[in-house]
Structure formats: C-alpha cells, structure tokens
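>>> I would like to see how this sequence folds:
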Amino acid sequence: MRQIWVLLLCSVLSLQGCIAVSVDKIDAEPGFDWDTLKRDLILMTPLIDLRSDVQTPKTYEKNVAPFSREQEIEYAEVFKKAFFKKRKDIRVFGAGGAFESISKIANLKDIAKKVLNKEDLSPDEKTSLDDARQDKRFIFFFNFTNERLQFEFSVEQPAEAKGLYVEKNYGARRMMTLQMALWDTQTARTVFISEKTLDPAYTNQYLIRTGRSPSSVKGDRGRYSSSREPDIFDQMGNYSLEQELHHHRGRFPAGFPEREPSFTDSFDDFALSLPIKGSEQNKIEYEYFSNHRPEITLRNSSLGSKSMSNIFVGTSSIIYNRYRLGGGLEFSSSKPKVSHANKSYVIDNLCLCMTADLEWELSDNLRMLTGSVLGAGSFGIKRDAPDTFDNVEPASSNDQDGYWYAAPRLKFIVGPKQGFQFGLGVYNQFYSGLVEPQFTENKPQPWGVELTLAVTFRGF
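Modelled structure (predicted):
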C-alpha cells in the first residue's frame, strides 16, 4: 500500500460543460439564417389539440379528455417562461394583444396542420395570421398531436433466479407526442419542426415461484424468499397480455400516469432544440456546469486519543443544477504523536481526494451538501527524537502506511450563491488498508468535523 495515493488518479476529474437536449426529431429548413431569431420576435399560439387517433383501454376514456380552453392558454404562458429561462437570446410572446388575437382565429387548427405538413397556406389564412401577429415575424405553433394509454406485460427468467422464480412485470403507460413548428411569415414557410414523445409509466413487479425445489440449487437463492406461490393461472403458463388482464387484473397499476409533470418538463428541451450560437451556448451551459467553488477546509478528527487536523485544498463544480463533483489534496496541519512499544512516533498525512455531493438550496443564503469524500493516501511514520544511545530498531521498519479512504458527510454552506461562503459539517470516516502497528493500536476515530472557507463563481 506504500505510496498508493500516487496510483489513485493521474488527475482528479475533468469536467466539461454540455447542454442536455432530448427531442426525438428535428426538421430544420436548410440555409435558414438563424441570426434572424435574435433580431425578430416569436409569437406563441395556445396549445393546439391535433390528436386524431386517441387510443385507450375501455373505461379510461375520461383520462384522455381534451384540455380546457383555459389550460390551453395557460400552457402557452408556461412555455414562454421556459424560453425566457433557457434562451435569453430569443424573445417569445405567450401573452398580450397579439397572443389574444391569434388565439381567436377560428380555423387555427387547420392552419396548424398545414404548417406541420409544410403545406402552403391560403391567402385568407395568411391574412388572418398577418392581422393577428402585430408585426412579429415568427409564429411558434404549439401542437399536441398524439396520445395513447396502454397496459403492458412482460415476463423474464433471470439467470440469477436459477430457475426458482420468474419476474412478471405489469405496466400502465401514457404516450404523448408534442410537436413545435416555427412558421416564418416573411417567406410563408415552415422553417423548423421539433418533436418529442413522452412516455411516463407505472410498473409493478411480481416474483412468482416456479415450483422447483430450492434444495436442488446450490449457492445464493437470490430473491426466492420474497417471491410468491403461483396461482392456478400462473401454473398454466399463460404469459400473454390478454390473459394477464383477464386473470390478474389486480396486479396491474390501479391507474395511468397523469400528463403532468412530463408535459411541462419537456418544454426546456424544446427551447434548447432551436439552433444557437456558440457564445450563447456557453451562457446556457452555465446552467448545467456552473457555480465553481475553490475551497480550503480544516478537517479535524482523532488518531487514537490524539487530535488529528488536516487541511483540504480543492475545487468543485455543479453539474445539472444539483450534482457537485470535485477533488483536491489533503495534508496534515498538525502532526499527532502516537506511542508504540514504548516509543513515540510523529504521524503526518497526505491524501488525494475526490468529492461527490448533492447540493440542496435551502434558501438564498443557505445550502446543504450530502455526499462523500473518497480518496487514497498514506500516513508518514517518523520516530520522535530518538535516543542517541538507543540502537534498538523500531517495531516497524516501514516509514509509511497507505490506505483507501471514504467519508460520508453532511455540510451546511452559508453565503450568497455566488461569492464568499463558509461551511460547517460533520463526517463519518473509514480507512481501509492500514497495517502498521502504530495505526492498529491507535486507530483513526470514525467521526470528525470540518470548517470551510470558499468562494463560488458562475463561469470561467
């Protein structure tokens, strides 16, 4: 284990910003000048219900009822806010006089279908849009195009089950499709379409015994003890969805997932799916890779009965607004003395560490970190003022002892989101690999406290 901290990592962690966008399909007009989006305005439509073939099991028809007129208007406002939050380079209007005017167009659904299919609009349709848009060049058609509710069933025979049981999965899924189409009034063409399918689902899993005797299988029986005895229909081996719905209706989820929160959760992806310049992308990336925090932390615990203090110098960054990852170097700020075989030894410490936390924003000036410090390092062992006339060799001939390290922790950070901060936390530490008698007789104590001074800034 000697010098094991050198072998842990060549570098602590390399973090790169990226934008997470998840739409299923994009159809962009070749050669369109996307700089015009920054110069001109975009007008939203209300949510337009273009569902034509809604599929649902019997008795569940009310679960796919159309949105009310008020909800269609409200969704446009929510969508506009998503654009404002994620795309400050684009101005979208989902309220006001132009929005009210376009909402009142009687044949708006027919126009939306043509825009999605890239069909030419009639002169009357163009006139109705021109009269409503109040000189806003682009119109973003916000379309709800498909919805389906379905029950699902699957059966698996995992290898680890060793034939003792099977897994039966019973699901209820809602599938929805949203399509956003950007229409350019200047060229009378559809220049951009993005599409996303949402599929929230509930799943119940049942472990059913096969009847095979567990005594005939050697080794771990896995989840056999939590599986249930098969009923007469399980014994028949009917594994079709129709048979399961008929015989085991109670095993399926009691209902289908609601449209929310999946519906509005998709709006960020649509906002980020529009093409974007590199400089603007860097600004948006800070939402996902940001709040970089260099820090210096005093960590104090005990080695045997002696106080042991270390200083951690490192940095960390937020990824996807919640995960804080980082790393640094920890070294001794005090050198405790321990005794072994009637001799005194000075101990120092060096550790290469990674940090992984979830950061919870409790208020504007208070955050909580829950996570762990992970690393590898070594303790240095040195005789304390040996007697010149004492030629007896120490009980241990090694001058170092390497270890792996883990310390789950809870820490509170006080201060503004960006700026100077201080923190106070407690951790529960674990050392693995210590073999020298100086540490087997003077074991590191499990609990410690840490005090942090830091400064957080948004981007490089």
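
>>> any idea how far Leu362 is from Ser334?
Going from Leu362 to Ser334 by Cβ to Cβ, to the nearest Å gives 33 Å. Bear in mind the C-beta positions are built from the backbone N, C-alpha and C, glycine included.

>>> Could you check which of the two has the larger neighbour count?
Set Leu362 next to Ser334 and count neighbours by other Cβ atoms under 10 Å: Ser334 wins out with 14 against 10.

>>> What distance do you get for the more buried one to Phe430?
21 Å.

>>> mind checking the backbone torsions on Lys335?
With angles defined as degrees, to the nearest 10, Lys335 sits at phi -120, psi 100.

>>> tell me the contacts of it?
Contact partners of Lys335, counting by Cβ atoms under 8 Å, 6 or more residues apart in numbering, are 346-348.

>>> Am I right that Gly255 sits in a strand?
No - going by DSSP: H, G, I helix; E, B strand; the rest coil, the assignment for Gly255 is coil, not a strand.

>>> now the residue nearest to it when sequence neighbours are not counted, what's its secondary structure?
Spatial nearest neighbour of Gly255, excluding adjacent residues (Cβ to Cβ, 6 or more residues apart in numbering): Ala172 at 6.8 Å. Secondary structure, three-state DSSP: Ala172 is strand.

>>> again with Arg51
coil.

>>> Of the contacts of Lys335, select the buried ones using a PyMOL command.
To isolate the buried subset of these in PyMOL, counting by 16 or more other Cβ atoms under 10 Å, use the following:
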select buried, resi 347+348
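
>>> Quick check: the gap between Ala65 and Arg51.
Counting by Cβ to Cβ, the gap from Ala65 to Arg51 is 11 Å.

>>> Those two: which is more packed in?
Arg51 (15 against 8).

>>> nearest spatial neighbour of the more buried one, skipping sequence neighbours?
Glu147 (5.4 Å).

>>> just Thr36 next, same as before
Closest to Thr36 by Cβ to Cβ, 6+ apart is Arg137, at 7.3 Å.

>>> and the residue nearest the centre of the chain, how far is that from Ile111?
Central residue of the chain (Cα atoms, centre = their mean): Tyr320, 6.3 Å from the mean position. Distance of Tyr320 to Ile111, given as Cβ to Cβ: 38 Å.

>>> re the thing from before, from memory the residue nearest to Gly255 sits against Phe151, does it?
Yes - using Cβ atoms under 8 Å, Ala172 is in contact with Phe151, at 5.8 Å.

>>> What average pLDDT does the longest helix anywhere in the chain get?
Assignment by DSSP state H gives helix 69-86 as the longest helix of the chain. Per-residue pLDDT over helix 69-86 has a mean of 86.

>>> quick one: that helix to chain centroid distance?
Averaging C-alpha positions (Cα atoms, centre = their mean, to the nearest Å) puts helix 69-86 24 Å from its chain's average.

>>> Can you tell me the SS state at Lys62?
helix.

>>> swap that for Ile105, sorry
Per three-state DSSP, Ile105 ends up coil.

>>> Tell me, what's the model's pLDDT at it?
pLDDT at Ile105 comes out at 92.

>>> domain parsing for the protein?
4-16+288-456, 25-277 (automatic domain parsing).

>>> The residue nearest to Arg51 is in what secondary structure piece?
Secondary-structure assignment from DSSP states H and E places Glu147 in strand 138-156.

>>> hang on, Val352 in a strand?
Actually, residue 352 is Leu rather than Val. Yes - counting by three-state DSSP, Leu352 is found in a strand.

>>> low pLDDT regions in the protein?
1-21, 39, 216-222, 238, 276-288, 385-398, 459-460 (pLDDT under 70).

>>> Which parts of it are helices?
For the chain, the helices defined by DSSP H occupy 4-8, 36-39, 69-86, 97-103, 108-116, 123-133, 232-236, 241-247, 262-265, 267-273, 278-285, 437-440.

>>> list the buried ones in the second one?
Residues of helix 36-39 classed as buried under the neighbour-count rule (16+ other Cβ under 10 Å) are Leu37.

>>> again, but for the third one
By neighbour count, with 16+ other Cβ under 10 Å as the criterion, the buried positions of helix 69-86 are 72-73, 75-76, 79-80, 82-83, 86.

>>> Packing partners of it?
Contact partners of helix 69-86 among helices and strands, from 3 or more Cβ pairs under 8 Å, 6 or more residues apart in numbering; DSSP states H and E: strand 42-49, strand 92-93, strand 138-156, helix 262-265, helix 267-273.

>>> what packs against the third one?
Put plainly, it is strand 138-156. Applying 3+ Cβ pairs under 8 Å, 6+ apart, we find strand 138-156 packed against strand 42-49, helix 69-86, helix 108-116, strand 165-184, helix 241-247.

>>> Among these, which comes closest to Phe412?
Nearest to Phe412, of all the helices and strands packed on strand 138-156, is helix 69-86, at 27.5 Å by Cβ to Cβ.

>>> In CSV, please show the C-alpha coordinates belonging to that closest one.
Extracted C-alpha coordinates of helix 69-86, given in CSV (Å, rounded to 0.1, in the frame of the first residue of the first chain):
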residue,chain,number,x,y,z
ARG,A,69,-59.6,26.4,-23.2
GLU,A,70,-58.1,27.9,-20.0
GLN,A,71,-55.5,25.2,-19.8
GLU,A,72,-54.5,25.7,-23.5
ILE,A,73,-53.9,29.4,-22.8
GLU,A,74,-52.0,28.6,-19.5
TYR,A,75,-49.7,26.2,-21.2
ALA,A,76,-48.6,28.9,-23.7
GLU,A,77,-47.6,31.1,-20.7
VAL,A,78,-45.6,28.2,-19.1
PHE,A,79,-43.9,27.5,-22.4
LYS,A,80,-43.0,31.2,-22.8
LYS,A,81,-41.4,31.2,-19.3
ALA,A,82,-39.3,28.1,-20.2
PHE,A,83,-38.0,30.0,-23.2
PHE,A,84,-37.2,33.0,-21.1
LYS,A,85,-35.4,30.9,-18.6
LYS,A,86,-33.3,28.9,-21.0
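
>>> now the angle from that helix to strand 42-49?
Interaxial angle of helix 69-86 relative to strand 42-49 (axes from the mean of the first three to the mean of the last three Cα atoms, to 10 degrees): 140 degrees.

>>> what angle separates helix 69-86 from strand 138-156?
100 degrees.

>>> got the contact list for helix 69-86?
44-49, 67, 90, 92-95, 99, 103, 142, 263-264, 267-268, 270-272, 284, 287.
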